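K.L.:
Got a sequence here, can you model it:
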Amino acid sequence: MKNKILLVEDEKNIVLGVTICLRSAGLDVAVAEDGADALRKLETDKPDLVLLDLVMPKLNGLDALQAMKANETTRDIPVIVLSARAQEEDIQRAMELGAADYMAKPFRPEELLAVIRQVLAEGV
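P.N.:
Residues are numbered from 1 along each chain as shown. Presented below is the predicted three-dimensional model:
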């Protein structure tokens, strides 16, 4: 069975690139445009992992992460943050809120796949 990934990202070029990368690696991908859209989708469909941008309209990534980890049905879904914000305080805050990992943009597709495989294998 394919692992299902929910990509939460508002930049269409990043959505396209990451989706192609993940699908070519045999992963199933769903997309949410912002944190609010992600929380709605998580009510009906439970992915194996969430890739989460931080800077988005409506509901930012940190608020979405906090809401996911506070919800009994979504708290155990591992989240990898993908963000251009790579300051230590951003990374620390995301990890404190329960992120399994944090990748700074830009990143190489093979690095992203390696981190995804590691997090899925660990069952974080």
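K.L.:
got a list of contacts for stretch 54-62?
P.N.:
Applying Cβ atoms under 8 Å, 6 or more residues apart in numbering, the external contacts of stretch 54-62 come out as 8-10, 33-39, 52-53, 67, 81, 83-85, 90, 93-94, 97. Yep, even glycine has a C-beta here, placed from its N, CA and C like the rest.
K.L.:
Inside helices: which ones of those?
P.N.:
Using DSSP state H, 35-39, 67, 90, 93-94 are the members of those that sit in helices.
K.L.:
partner residues bridging the most centrally placed residue in the chain?
P.N.:
The centroid of the chain falls nearest to Leu51 when counting by Cα atoms, centre = their mean (1.4 Å). Taking DSSP bridges, one obtains Leu7, Ile80 as the residues bridged to Leu51.
K.L.:
coming back round to it: name only those of the contacts of stretch 54-62 that count as buried.
P.N.:
By the neighbour-count criterion of 16 or more other Cβ atoms under 10 Å, these include these buried positions: 8-10, 33-39, 52-53, 67, 81, 83, 85, 90, 93-94, 97.
K.L.:
the strands in this protein, which residues?
P.N.:
All strands of the chain, identified by DSSP state E, fall at 4-8, 28-32, 49-52, 79-83, 101-104.
K.L.:
Format those as a markdown table; extra columns: distance to Glu72.
P.N.:
Formatted as a markdown table, those follow (distance: least, Cβ to Cβ, whole Å):
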| stretch | distance to Glu72 |
| --- | --- |
| strand 4-8 | 18 |
| strand 28-32 | 20 |
| strand 49-52 | 16 |
| strand 79-83 | 16 |
| strand 101-104 | 23 |
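K.L.:
Generate JSON lines for those, with mean pLDDT and distance to Ala114 as supplementary columns.
P.N.:
Converted to JSON lines, the strands of the chain look like this (pLDDT from 0 to 100; distance: least, Cβ to Cβ, whole Å):
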{"stretch": "strand 4-8", "mean pLDDT": "98", "distance to Ala114": "14"}
{"stretch": "strand 28-32", "mean pLDDT": "97", "distance to Ala114": "17"}
{"stretch": "strand 49-52", "mean pLDDT": "98", "distance to Ala114": "13"}
{"stretch": "strand 79-83", "mean pLDDT": "96", "distance to Ala114": "11"}
{"stretch": "strand 101-104", "mean pLDDT": "96", "distance to Ala114": "10"}
